[in-house]
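Give me a model of this one.
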Amino acid sequence: YRYGTDPANPAALVAEGETRLKPVLVRHVGDGDVYECDTSIVHTVRPVDAGLTATVVVQGPRRTPTTVVYCRPGDSDDQPNLDLTEADFTGLVSEVLSSLDRTVSP
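Numbers count the residues shown, from 1 in each chain. The predicted model follows:
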């Protein structure tokens, strides 16, 4: 799938076909850990448990006009991309910080 090919809806996923992917690294990132991932790497996040999972992406200038993503066979390609208001973002950050406080408290 590719984001950014539909000028009327840049957040829409547009199917491009099928491909095989080979995992090269499986990393379990702990609470509060920071890591980086280059745009050449196909990246996915899967929660380890039912708790809160949050990923913050810091991005520089756009390198390409579109972005390639994938969907595992059997998974839905209907992934919502909704506008996040400032209040929504503030609430999510507060929830993350609260979660981190609980994990580091004695």
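
per-residue confidence at V104?
At V104 the predicted local distance difference test score is 54.

same deal with G74?
Predicted confidence (pLDDT) for G74: 76.

quick one: it from E16, how far?
Using CB to CB, to the nearest Å, one gets 18 Å for the distance from G74 to E16. Glycine gets a C-beta too; all of them are placed from N, C-alpha and C.

Tell me the spatial nearest neighbour of E95, not counting adjacent residues.
Distance criterion CB to CB, 6 or more residues apart in numbering; nearest residue to E95, sequence neighbours excluded, is L52 at 6.1 Å.

name the element the one you found belongs to?
In the assignment (DSSP states H and E), L52 maps to no helix and no strand.

now do A8
Assigned by DSSP H and E, A8 belongs to no helix or strand.

count of neighbours near it?
5 (other CB atoms under 10 Å).

circling back to that earlier point, and G74 and E16? Which one has more around it.
E16 (13 against 5).

was I right about the more buried one contacting Y1?
Yes - using CB atoms under 8 Å as the test, E16 is close enough to Y1 to be in contact (6.3 Å).
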